[in-house]
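# Any chance you could fold what I've pasted below:
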Amino acid sequence: QMQQMQQAQMQQMQQMPPPPPRTPPTGGGRPPAWQGGLPDEVPASSSAANAPSMAAAANGRLPCTGALELVATQQELALVVERLRAEPLLCVDCEGSDLSKGSWRDGVERQDPAVPCHGALCLLQIATPRGEAYAIDVLELGQSAFDLGLREILENPRIIKVVHDFRQDQDALWHQFRVACEGLFDCQFCDVLCRRLQGFPTRYVSGSSKLLSSHGLELVEIPGRGAVTQEEKVRIHGRFSTDRHLWQRRPLPDEMIAYAKADVLPLAQLYVKQMFNLSHLLGSKHVAERVMQVGSAIYASSFRQLQACRCRLCCAAEENARFDGHRVFNQIMSTGQIEDWVMSRIWRPEDSQPLAAPGPSKFYVNEHDESVPLAPIG
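Residues are numbered from 1 along each chain as shown. This is a model prediction of the structure:
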């Protein structure tokens with residue numbers, strides 16, 4: 001019965017027509033739960049393995065709508081914002097040139113002779129549970145992108161924003177545009193919680209490809225282009241190491257837009273599967289929602305709170321894959337919003353000690369303004 005309820009809910013999320021425009025809610029408050037599906041208290045006999053698979057993803061591919069084009073004018077953005085502000089749940093991701101706070105601090109660009117200007121947020125992708133995806137050209141629109149409605153959507157705590165490892169995204173949004181996203185559900189943080197509750201190691205966080213694959217979500221289809229395979233994503237990602245301005249180039253190639261949209265399109269399905277698992281492991285949907293609301297906000301702000309930049313030009317960025325339980329869980333406990341019994345289940349001895357800062361960068365910017373790996377010593 002549980003599985004049937006979840007399958008019906010997932011099909012409803014994907015097939016329901018777009019909601020009519022409405023005045024967005026004002027004021028604070030925690031984001032709403034998804035409508036229908038999982039009961040408040042999960043029976044002990046339930047199995048997380050019974051979480052539903054999407055009917056539309058039966059063949060391993062996820063559908064979407066939209067074209068391989070950017071939202072690059074104020075008129076186009078106004079239509080998109082009007083469409084999105086009525087949604088209770090959105091999936092969000094950002095792309096940029098060594099995306100981070102980079103050369104900005106609290107809205108002001110600063111000059112650093114040691115590291116050229118970097119970190120620029122170039123693209124912001126937003127998808128709905130129905131598979132609509134929009135790639136908004138922040139590089140072209142600049143501050144107006146947020147003044148024309150994106151800030152209102154991103155900072156509205158009543159709209160759930162499903163993200164994956166939003167630390168550098170939140171860092172860039174705040175320090176470059178003074179936007180502080182609220183209502184976050186970070187899938188990477190949820191994965192840490194689920195693994196801890198099952199007794200698995202969590203010294204390192206899971207990348208998106210591994211996390212999606214483990215939940216049966218791999219290929220994404222872009223209309224007019226076909227599926228974006230993991231091999232293609234790896235190839236495109238590899239270009240970041242040789243062209244640090246890749247996301248700043250216009251016109252942006254179709255494969256780059258497809259890559260960007262492929263990052264957000266599966267997140268709605270991943271959200272439902274992870275919430276099902278976490279609710280089962282904690283025995284309560286409401287407890288799972290509260291832990292994710294508080295924890296995702298703290299986890300996503302991890303880099304924003306630092307004075308130093310955590311991009312690959314400023315540190316050994318691969319060390320960002322270490323999970324800093326000391327910082328995250330101490331801040332969660334300080335809020336007083338999570339019960340002691342929950343903290344006792346997710347806390348581990350390794351959280352008692354802070355992580356060392358990442359080592360020095362393994363890249364430098366040469367005279368041609370290109371990022372180049374440092375030659376190994378010896």
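
# Please count neighbours and contacts with C-alpha atoms only from this point.
Will do.

# In the stretch 51-200 of the chain, mark out all the strands, start to finish.
Assigned by DSSP state E, counting those that start in this stretch, the strands in the stretch 51-200 of the chain fall at 61-62, 89-96, 104-105, 108-109, 121-127, 133-137, 160-163, 184-186.

# meant to ask about the stretch 251-378 of the chain, not that
Applying DSSP E, counting those that start in this stretch to the stretch 251-378 of the chain gives strands spanning 363-365, 371-373.

# Same list (those) but as a markdown table, adding mean neighbour count, mean pLDDT and distance to residue 229.
Formatted as a markdown table, the strands of the stretch 251-378 of the chain follow (neighbours: other Cα atoms under 10 Å; pLDDT from 0 to 100; distance: least, Cα to Cα, whole Å):
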| stretch | mean neighbour count | mean pLDDT | distance to residue 229 |
| --- | --- | --- | --- |
| strand 363-365 | 17 | 90 | 28 |
| strand 371-373 | 17 | 88 | 26 |
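
# nearest to residue 123, of these?
Residue 123 sits nearest to strand 371-373 of all these, at 20.3 Å, using Cα to Cα.

# Can you tell me the strand partners of the closest one and which way each runs?
Strand pairing for strand 371-373, using DSSP bridges, gives strand 363-365 (antiparallel).

# What sits closest to the residue most central in space within the chain if chain neighbours are left out?
In the chain, the centroid-proximal residue (Cα atoms, centre = their mean) is residue 163; its distance is 2.3 Å. Among residues not flanking residue 163 along the chain, residue 186 sits closest, at 4.9 Å (Cα to Cα, 6 or more residues apart in numbering).

# what residues are up against residue 260?
Contacts for residue 260 (Cα atoms under 8 Å, 6 or more residues apart in numbering) come out as 95, 125, 135.

# any idea which of those residues is closest to residue 151?
Set against residue 151, the nearest of these by Cα to Cα is residue 125 (13.8 Å).

# ok so, going back, wait, isn't the residue nearest to residue 163 in contact with residue 169?
No - contact criterion Cα atoms under 8 Å: residue 186 and residue 169 do not qualify, at 11.7 Å.

# Pick the most buried one from the strands of the stretch 51-200 of the chain.
strand 184-186 (a mean of 28; mean count of other Cα atoms under 10 Å).

# any residues touching that one, and which ones?
Residues from elsewhere that reach strand 184-186, judged by Cα under 8 Å, 6+ apart: 157, 160-166, 271, 292-293, 296-297, 300.

# Select, from those residues, the two members most distant in space.
Maximum pairwise distance in those, criterion Cα to Cα, is 18.3 Å, between 157 and 165.

# what would the strands of the stretch 251-378 of the chain look like in a markdown table with distance to residue 231?
Converted to a markdown table, these look like this (distance: least, Cα to Cα, whole Å):
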| stretch | distance to residue 231 |
| --- | --- |
| strand 363-365 | 24 |
| strand 371-373 | 23 |
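
# before we move on, back to that, just put the contacts of strand 184-186 in JSON lines and tack on pLDDT and distance to residue 246.
Below are the contacts of strand 184-186 laid out as JSON lines (pLDDT from 0 to 100; distance: Cα to Cα, whole Å):
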{"residue": "157", "pLDDT": "97", "distance to residue 246": "32"}
{"residue": "160", "pLDDT": "98", "distance to residue 246": "30"}
{"residue": "161", "pLDDT": "98", "distance to residue 246": "26"}
{"residue": "162", "pLDDT": "98", "distance to residue 246": "25"}
{"residue": "163", "pLDDT": "98", "distance to residue 246": "22"}
{"residue": "164", "pLDDT": "98", "distance to residue 246": "21"}
{"residue": "165", "pLDDT": "98", "distance to residue 246": "21"}
{"residue": "166", "pLDDT": "98", "distance to residue 246": "20"}
{"residue": "271", "pLDDT": "98", "distance to residue 246": "30"}
{"residue": "292", "pLDDT": "98", "distance to residue 246": "33"}
{"residue": "293", "pLDDT": "98", "distance to residue 246": "33"}
{"residue": "296", "pLDDT": "98", "distance to residue 246": "29"}
{"residue": "297", "pLDDT": "98", "distance to residue 246": "29"}
{"residue": "300", "pLDDT": "98", "distance to residue 246": "25"}
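
# coming back round to it: residue 349: which of the strands of the stretch 51-200 of the chain is closest?
Using Cα to Cα, the strands of the stretch 51-200 of the chain put strand 184-186 closest to residue 349, at 23.4 Å.

# I'd like the mean pLDDT over the closest one, please.
Averaging pLDDT along strand 184-186 yields 98.

# Which parts of this protein are helices?
With DSSP state H, the ranges of helices along the chain come out as 2-15, 74-84, 138-141, 144-145, 151-154, 167-177, 187-197, 208-214, 230-239, 254-264, 267-282, 285-300, 325-335, 340-346.

# For the last one, buried residues please.
Taking 16 or more other Cα atoms under 10 Å as the neighbour-count basis, helix 340-346 is seen to contain the buried residues residue 346.
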